[in-house]
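> Whatever this is, show me its structure:
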Amino acid sequence: MFQFLKRRLRGSGSPNRRMTDADFIRLLNESYTYLRLHRYRVLSTELPGDLLKRWLMPDPDNPSTSEYMRNFIRQNNTLSEIYLPAFVFDHVLKHRFGRDIAAFGKSDMEDAARDLRAYILLLNYIFGMREAGRTPIEFDIFDIGNYDTIIRRVENEEPDKDTNAPGRKGELSDSEIIAMRDAIFGDLMDGYIDDVIRVLKEYMSIDFMRHEDILLRVILRDMAHFDMNPELSMRENSRDMFVNKIDYIDDDSFELHLTEANVHLDDLAAKLFRWRKVRRTDTSHQMVIRRGNSQNAPYIAPATFYPLKMAVIRYDAYERGLRHKAGLRNSREMKLEAKEFVQDLKRVADEHGIDLIQLLNRI
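Next up is the predicted model:
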């Protein structure tokens, strides 16, 4: 990569616009490091202002975007500030979507130019909203497959109203609801993950197949995707899985060994399927759970993660001789855990100064 960049640096444009090797590589590394840390998924509400300004390109609707991309591929004077977005966009296409711009034909290049135009348009929207002191709607800025849906949401968004105006008290905008929900679920899940790791660090590995059956709802799309496209089905984009084993990785993460179930939890809840008929299938998965990453696919629904946390705590109590079995004792204990989960939600909401009932009524 550095040799490739140096070739571009030596062939770049006029002296007054040329960056030094060190300057340009530093700027790229800062962007690339941020992208890697966020797994090439960046929310509109979380992109740092300095990166946003670097990634902007003027005239996002200009039809010359195709020529812009061709110049980038041909290495024609590509080290002015306006080409940093192309490096960033190329990097995400390659590492998140496996699309290599250098190998594109004419049709692929037109698609990439169209995607880039939408990407820059959305970045300019974020910048404009922030400059106006307003909060942009939340979306993954690199969710290329949903750009049409995102742009429709932006176009249909009503201007922010004065929150102090009569009749506005207590009302929440869609972006406020999403931000509140993410704050609550993010902190809740991080706390649960800490509880699991605290116990798991002592045992390093727990084999749940010897003790009890735990079903988790594993969601296969980012939470932001459901926000952007309400027509997405949670059921079609999730799988319910049994926990076989759990392994300690480090103080921030652990690994789950899972097997898909032959039933969906919704059918169990609706009593369309009996527990005694629930079985493991032959489809297995391994999944790393990490703090701060509880809403990027694949992730576990908080309501089903809580029973996993409690199973780990019960296992610890069993190993210490404080319980005669690691599994749940009875239905009363199960109902108590469900009540405690709701209490946890309220506690975290209170810590953020959020009215949980109002929030749940709006979600």
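> how about the strands in the stretch 201-350 of the chain?
Secondary structure of the stretch 201-350 of the chain (DSSP state E, counting those that start in this stretch): strands located at 205-207, 215-219, 238-250, 253-261, 280-290, 299-300.
> Give me the angle between the fifth one and strand 253-261.
The one in question is strand 280-290. Here strand 280-290 points in a direction 160 degrees away from that of strand 253-261 (axes from the mean of the first three to the mean of the last three C-alpha atoms, to 10 degrees).
> now the longest one
Relative orientation of strand 238-250 with respect to strand 253-261: 150 degrees, computed using the same axes, to 10 degrees.
> re earlier: residue 32 is nearest to which of the strands of the stretch 201-350 of the chain?
Distances from residue 32 to each of the strands of the stretch 201-350 of the chain were compared using C-beta to C-beta; the shortest belongs to strand 280-290, at 20.1 Å. From N, CA and C alone the C-beta is placed, and that goes for glycine too.
> how far out from the middle of the chain is that closest one?
With C-alpha atoms, centre = their mean, to the nearest Å as the basis, the distance from the averaged C-alpha position of strand 280-290 to the chain average is 19 Å.
> Dead centre of this structure: give me the residue that sits there.
Averaging the C-alpha coordinates of the chain gives a centre point, and the residue nearest to it by C-alpha atoms, centre = their mean is residue 296 (2.8 Å).
> what sits against that one?
If you count contacts by C-beta atoms under 8 Å, 6 or more residues apart in numbering, residue 296 has them with 39, 41, 222, 223.
> With residue 41 instead?
96, 140, 142, 143, 222, 224, 296.
> Please report phi then psi for it.
The phi and psi torsions at residue 41 (degrees, to the nearest 10) take the values phi -130, psi 120.
> pLDDT at it, what is it?
The score at residue 41 is 88. That number is its pLDDT.
> That one and residue 148, how far apart?
Between residue 41 and residue 148 the distance, using C-beta to C-beta, to the nearest Å, works out to 19 Å.
> Same check on residue 51?
25 Å.
> Compare those two (neighbour count), which wins?
In this comparison of residue 51 against residue 148, neighbours counted by other C-beta atoms under 10 Å, the higher total goes to residue 51 at 18 against 10.
> Does the more buried one lie in a helix or a strand, and which?
Element membership for residue 51 (DSSP states H and E) is helix 49-55.
> Tell me the buried residues in that helix?
Going by neighbour count (16 or more other C-beta atoms under 10 Å), the buried part of helix 49-55 is 51, 52, 54, 55.
> Assess the claim that residue 43 and residue 141 are in contact.
Yes. Counting by C-beta atoms under 8 Å, a contact exists between residue 43 and residue 141, whose distance comes to 7.4 Å.
> circling back to that earlier point, dump the contacts of residue 296 to TSV, plus distance to residue 289.
Output for those, formatted as TSV (distance: C-beta to C-beta, whole Å):
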residue	distance to residue 289
39	14
41	17
222	16
223	15
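> so which of those residues comes closest to residue 84?
Minimum separation from residue 84 among these (C-beta to C-beta) is found for residue 41, which lies at 19.7 Å.
> if I look at that closest one, how far off is residue 225?
To residue 225, residue 41 is 10 Å away according to C-beta to C-beta.
> For residue 205, list each beta-bridge partner.
Legend: beta-bridge partners of residue 205 under DSSP bridges are residue 247.
> follow-up on the earlier one: got the confidence number for the residue nearest to the centre of the chain?
Per-residue pLDDT puts residue 296 at 86.
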